[in-house]
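In: Sequence and predicted structure, then a few things I'm wondering about:
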Amino acid sequence: MAFPSVRDNAPDLQALAGRIKTWGRELGFQQVGITDVDLAEDERYLQRWLDAGYHGEMGFMAKHGTKRTRPDELVPGTLRVISVRLDYLPAEVETAKVLGRPERAYVSRYATGRDYHKLMRKRLATLAKWIQGEVGDFGYRAFVDSAPVMERALARKAGLGWFGKNAMLLNPQAGSLFFLGELYTDLPLPVDAPFESEHCGSCSACRSACPTGAIVEDRVVDARACISYLTIELFGSIPERYREAMGNRVFGCDDCQLVCPFTRFTRATQEPDFTPRHDLDRASLLGLFAWGEGEFLEKTAGSPIRRIGYERWLRNLAVGLGNAPWSEAVEAALLARLAYPSDLVREHVRWALARQREKKRQLIASA
């Protein structure tokens, strides 16, 4: 549905833009920026990325044509985009320690607490209501990773950061551990200057740290090799060539973000919803693998993890257990899942068992 036309008796838009940023901070967003809807350069980049097949099975990246890169096609009448960011790293959450403990499960730090979508949409809706209270009825739609929106490109144009070599949006005061959201609007607000300078310089820590070599060029990620894609977006079998490199990462991967020098400036979130639940920031692989489907559904209610479903959850954990040090408990847990009624799960369990038995053989040989 198209927006209604903007009124002739427009308010003081410069002052309104300032108030929008103040209101955004009052609502808990760390930063608010405003941009126009010209994403021509980003459209060309996206098309090259799609043509290379780097999106893998993520057909939704190509499904909507130019609606993703032309906001006024997605929502006719859109003149500006209000872009916001919200930090998500909890104050006391284990990160690198868990990656160094192969018997534990690593869950991407954005997913250890409650899902961010509803929280951010609610706040964006509140921001829209406050704007409405100032100017009367106006056209808007709120998005939080919920439609074909180029959120990182819009955030860069709105001055919230620059593209790092891992293609993430980097901010000099926050690194990249934050969520993004948008308000599409018909208000012709003054726009902020894009974040043109890139501060990565000669640093390539993110590219070196990627376990699977998914960052194929500066700012170009082959999703088909990315552990976040493999554990979340991929529906079928995880290619064997990537399984060992996955280590204990069972939902997403933060390696390229954790090694970034700007991550040290990340501030702990004040959002209680992002506090880890069920010890998901440090849980053992065996403990999570023991969850029944009912327990999985109960403990992932309101969590980003729920979207992959129980079958893929077991698939990912089986790979993690295959990479874990050998133990009788791990081997027994895998054996107990050999008859699980899913070809996908059984395949990964068999792979993990073969890995465990080889490790056991090596232990015996070296004793």
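Out: Cool, the structure landed. Note that the structure is a prediction, hence the values are computed from the model and not measured. Residues are numbered from 1 along each chain as shown.
In: how does this protein divide into domains?
Out: 13-95+115-185, 206-361 (automatic domain parsing).
In: Relative to E196, which of the ones you listed is closest?
Out: Closest to E196 of the domains of the chain is domain 13-95+115-185 (Cβ to Cβ; 7.6 Å). For glycine as for every other residue, the C-beta is placed from the backbone atoms N, C-alpha and C.
In: starting at the chain centroid, how far to that closest one?
Out: 13 Å (Cα atoms, centre = their mean, to the nearest Å).
In: ends of it, how far apart?
Out: 13 Å (Cα to Cα, to the nearest Å).
In: Could you tell me the average pLDDT over it, please?
Out: Domain 13-95+115-185 carries an average pLDDT of 96.
In: same thing with stretch 192-200?
Out: 85.
In: buried ones in stretch 118-138?
Out: 119-121, 123-124, 127-128, 130-131, 135, 138 (16 or more other Cβ atoms under 10 Å).
In: Inside strands: which ones of those residues?
Out: Using DSSP state E, no member of the buried residues of stretch 118-138 falls in strands.
In: Any chance of JSON lines for these, columns distance to R346?
Out: Converted to JSON lines, those look like this (distance: Cβ to Cβ, whole Å):
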{"residue": "L119", "distance to R346": "38"}
{"residue": "M120", "distance to R346": "38"}
{"residue": "R121", "distance to R346": "39"}
{"residue": "R123", "distance to R346": "44"}
{"residue": "L124", "distance to R346": "43"}
{"residue": "L127", "distance to R346": "48"}
{"residue": "A128", "distance to R346": "49"}
{"residue": "W130", "distance to R346": "53"}
{"residue": "I131", "distance to R346": "54"}
{"residue": "V135", "distance to R346": "59"}
{"residue": "F138", "distance to R346": "55"}
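In: follow-up on the earlier one: quick one, which of the domains of the chain is nearest to P194?
Out: That would be domain 13-95+115-185 among the domains of the chain, by Cβ to Cβ, at 4.7 Å.
In: what residues are up against Q270?
Out: G28 (Cβ atoms under 8 Å, 6 or more residues apart in numbering).
In: got the contact list for the nearest residue to F251 once chain neighbours are set aside?
Out: Of all residues not flanking F251 in the chain, V107 sits nearest, at 4.6 Å (Cβ to Cβ, 6 or more residues apart in numbering). The contact partners of V107, taken as Cβ under 8 Å, 6+ apart, are 250-252, 280-281, 283, 305.
In: Which of those are buried? Put it as a ChimeraX command.
Out: Selection command for ChimeraX covering only the buried members of the contacts of V107, criterion 16+ other Cβ under 10 Å:
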select :250,251,252,280,281,283,305
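In: So which of the contacts of V107 sit within strands?
Out: Short answer: those in strands (DSSP E) are 250-251.
In: for the residue most central in space within the chain, phi and psi?
Out: Note on the chain: the residue nearest the mean C-alpha position is Y110, at 7.0 Å, using Cα atoms, centre = their mean. When read as degrees, to the nearest 10, the backbone of Y110 gives phi -70, psi -20.
In: packing partners for whichever strand or helix holds Q362?
Out: Using DSSP states H and E, Q362 sits within helix 343-366. With contacts defined as 3 or more Cβ pairs under 8 Å, 6 or more residues apart in numbering; DSSP states H and E, helix 343-366 has these neighbours: helix 309-323, helix 328-336.
In: tell me the most buried of the ones you listed?
Out: Comparing the helices and strands packed on helix 343-366 by mean neighbour count (mean count of other Cβ atoms under 10 Å), helix 309-323 comes out on top with a mean of 24.
In: Mind putting the contacts of V107 into a markdown table with pLDDT and distance to F178?
Out: What follows is these, written out as a markdown table (pLDDT from 0 to 100; distance: Cβ to Cβ, whole Å):
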| residue | pLDDT | distance to F178 |
| --- | --- | --- |
| V250 | 98 | 23 |
| F251 | 98 | 19 |
| G252 | 98 | 15 |
| L280 | 95 | 19 |
| D281 | 93 | 18 |
| A283 | 96 | 24 |
| I305 | 98 | 19 |
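In: Which two among the contacts of V107 are spaced furthest apart?
Out: G252 and A283, at 14.5 Å, using Cβ to Cβ across the contacts of V107.
In: ok, of the contacts of V107, which one's closest to A329?
Out: A283 (14.9 Å).
In: so how far is Q132 from the closest one?
Out: Separation of A283 from Q132 (Cβ to Cβ, to the nearest Å) stands at 44 Å.
In: re the thing from before, return the residues in contact with the closest residue to the residue nearest to the centre of the chain other than its chain neighbours.
Out: Closest residue in space to Y110, ignoring its immediate chain neighbours: Y88 at 5.3 Å, by Cβ to Cβ, 6+ apart. The contact partners of Y88, taken as Cβ under 8 Å, 6+ apart, are 109-110, 113, 116, 177-179, 269, 271, 274.
In: Apply 10 Å and report the result again.
Out: Y88 sits next to 109-113, 116, 177-179, 266, 268-269, 271, 273-274 when contact means Cβ atoms under 10 Å, 6 or more residues apart in numbering.
In: V191 too?
Out: 17, 33-38, 79-81, 157-159 are the contacts of V191 under Cβ under 10 Å, 6+ apart.
In: which one of the domains of the chain lies closest to H199?
Out: Nearest of the domains of the chain (Cβ to Cβ): domain 13-95+115-185, 6.2 Å.
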